[in-house]
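In: Output the structure for:
(one chain, ligands or ions: 1)
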Amino acid sequence: MKDKKSIATRLNHSDYRPLEGFEAFPTAIHHASTVLFNNVAAMRSSRWQDKSAYTYGLHGTPTTFTLEARLAEIEDGKHCILAPSGLAAIAMVNFGLLKSGDDVLLPDNVYGPSREMGTWLAQDWGISARFYDPMAGAGIAELIQPNTKLVWAETPGSVSMEVPDIPAICRAAHDKGALVALDNTWSAGLAFNAFEHGADISLQALTKYQSGGSDVLMGAVITRDDAIHYRLSTAHGRLGFGVGPDDVYLVLRGLQSMKLRFDAHDAAARKIAAWLKTRPEIARVLHPAFDDCPGHDIWRRDFTGAGGLFSVLFDARDTEAQTDRFVDSLRLFKIGYSWGGSHSLCVPYRMSAMRNFWHGEGNLVRFNIGLEDPDDLMADIVQALARL
Ligand SMILES: *Cc1c(COP(=O)(O)O)cnc(C)c1O
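Out: Modelled structure (predicted):
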């Protein structure tokens, strides 16, 4: 055998190792599908589920483990698993915790695609999925059956903004042996502590505030309980829900400014919501920090902040064509789904088509208040209201 390897081999194998001891703030971006083992015994004994080893890029790298640990810390949780989107994280919870014959309860104001997944579970997977009035509170106990394994909650509902009584829902669910998964995206885990209020799982669409750039899709499930984490991570492994390290890096970067951004969104949104309350065109402002909003007292009891997302109900005499024209006339506010980014957004929703229990009157329009100057945003709303 010749001593010096040929160029094709040397292009792929090198003895060079960078110096030890490099210290800097950013987390390194580790790209890997294959993870190398020192020997066969190490390969056979390595376990990824308890994060004691790396086995394959899909199941974790130093980059993903770092973001997972930091998200668990933010919410006072113990474990966290990333998923390729918020919706994928919802799927991981459903497929990790439910099987055919089980029953799941979803709030009527649940995130739309989550509702769609519930309907699919019921149609094709032998799991019954039922919708409850998000303001049922302790009354949810009446709906919980022996086969009800999971209760979803969302606080507040991300379109209609009702703030449910999460501690009461959790007590009722736990009394009957069901777990509670809370979609905690609205508060970013900053303004509401899911675990202190009784939830078993806190779900985050990192796509929103954690990223903050309207440029990444990612989700996370955070837990305190080892057994629940094990079931969710098994589902993660079986579903193949890996995430790319460049996207993870962007979310890690977003965390540094998240609290400042969240507080700025919150202050601007409250300023604009308070002003909208004085406008004759607006019948109701659905913002948890205002007493028009169902569950406002619960928000005051349980939350420490609000972020940038709220809705309004227009005067019931305004037709859909009129409120659509209002949205179309906005210039700084763009029309688009999602929120938590620095740009203001606006979406009209057809509530009665989306909900089993909807009692609101007037057309609903949702605002995501970005990081622009609130006075400019209000001027934009004034000119669009004039076209109503
Ligand atoms: C956006 C959102 C999700 C889903 O997040 P994606 O990353 O867009 O899939 C889930 N729940 C809520 C409340 C959301 O707003």
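In: So residue 117 lies in a helix, does it not?
Out: Yes: counting by DSSP: H, G, I helix; E, B strand; the rest coil, residue 117 is located in a helix.
In: Could I get the buried residue list for stretch 349-358?
Out: Neighbour counts using 16 or more other C-beta atoms under 10 Å place 349, 351, 355 of stretch 349-358 among the buried residues. Quick note: C-beta positions are derived from backbone N, CA and C, even for glycine.
In: again, but for stretch 235-252
Out: Neighbour-count burial for stretch 235-252 flags 235-237, 241-245, 247-252 (criterion: 16+ other C-beta under 10 Å).
In: Same list as before, those residues that is, but in TSV and with secondary structure included.
Out: Converted to TSV, the buried residues of stretch 235-252 look like this (three-state DSSP):
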residue	secondary structure
235	helix
236	helix
237	helix
241	coil
242	coil
243	coil
244	coil
245	helix
247	helix
248	helix
249	helix
250	helix
251	helix
252	helix
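In: Number of residues surrounding residue 319?
Out: Per other C-beta atoms under 10 Å, the neighbour tally for residue 319 reads 12.
In: hang on, the earlier thing: which of the buried residues of stretch 349-358 sits closest to residue 372?
Out: residue 349 (22.7 Å; C-beta to C-beta).
In: The ligand versus the closest one, what's the distance?
Out: 13 Å (C-beta to the nearest ligand atom, to the nearest Å).
In: show me the residues around that residue that make contact.
Out: Applying C-beta atoms under 8 Å, 6 or more residues apart in numbering to residue 349 gives the contacts 159, 311, 364, 365, 366.
In: So which of these are in strands?
Out: Residues of the contacts of residue 349 located in strands (DSSP state E): 311, 364, 365, 366.
In: could these go into TSV alongside neighbour count, pLDDT and distance to residue 149?
Out: Compiled in TSV, the ones in strands among the contacts of residue 349 are given as follows (neighbours: other C-beta atoms under 10 Å; pLDDT from 0 to 100; distance: C-beta to C-beta, whole Å):
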residue	neighbour count	pLDDT	distance to residue 149
311	25	97	32
364	24	97	32
365	21	97	37
366	21	98	32
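In: Dump those into TSV; add distance to the ligand as well.
Out: As requested, these are exported to TSV (distance: C-beta to the nearest ligand atom, whole Å):
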residue	distance to the ligand
311	13
364	16
365	16
366	11
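In: now those as JSON lines including distance to residue 319?
Out: Below are the ones in strands among the contacts of residue 349 laid out as JSON lines (distance: C-beta to C-beta, whole Å):
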{"residue": "311", "distance to residue 319": "18"}
{"residue": "364", "distance to residue 319": "14"}
{"residue": "365", "distance to residue 319": "13"}
{"residue": "366", "distance to residue 319": "18"}
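In: Residue of the chain nearest the ligand, please.
Out: The ligand sits closest to residue 86 of the chain, with a gap of 2.2 Å, by C-beta to the nearest ligand atom.
In: For that residue, which non-adjacent residue is closest in space?
Out: By the measure of C-beta to C-beta, 6 or more residues apart in numbering, the closest residue to residue 86 outside its immediate chain neighbours is residue 205, 2.7 Å from it.
In: Quick check: pLDDT value at that neighbour.
Out: The score at residue 205 is 98. That number is its pLDDT.
In: That one - how many residues pack around it?
Out: Residue 205, neighbours per other C-beta under 10 Å, totals 29.
In: who does it bridge with?
Out: residue 219 (DSSP bridges).
In: Verify the contact between it and residue 211 for me.
Out: No: Residue 205 lies out of contact with residue 211 (C-beta atoms under 8 Å); the separation is 9.2 Å.
In: what do those two both touch?
Out: Common neighbours of residue 205 and residue 211, using C-beta under 8 Å, 6+ apart, are residue 218.
In: Spatially nearest residue to residue 292 (excluding sequence neighbours)?
Out: Residue 292 sits nearest to residue 284 (C-beta to C-beta, 6+ apart), 4.8 Å away.
In: and the gap between residue 247 and residue 64?
Out: 10 Å (C-beta to C-beta, to the nearest Å).
In: between the ones in strands among the contacts of residue 349, which is nearest residue 17?
Out: Nearest to residue 17 among the ones in strands among the contacts of residue 349 is residue 366, at 52.6 Å by C-beta to C-beta.
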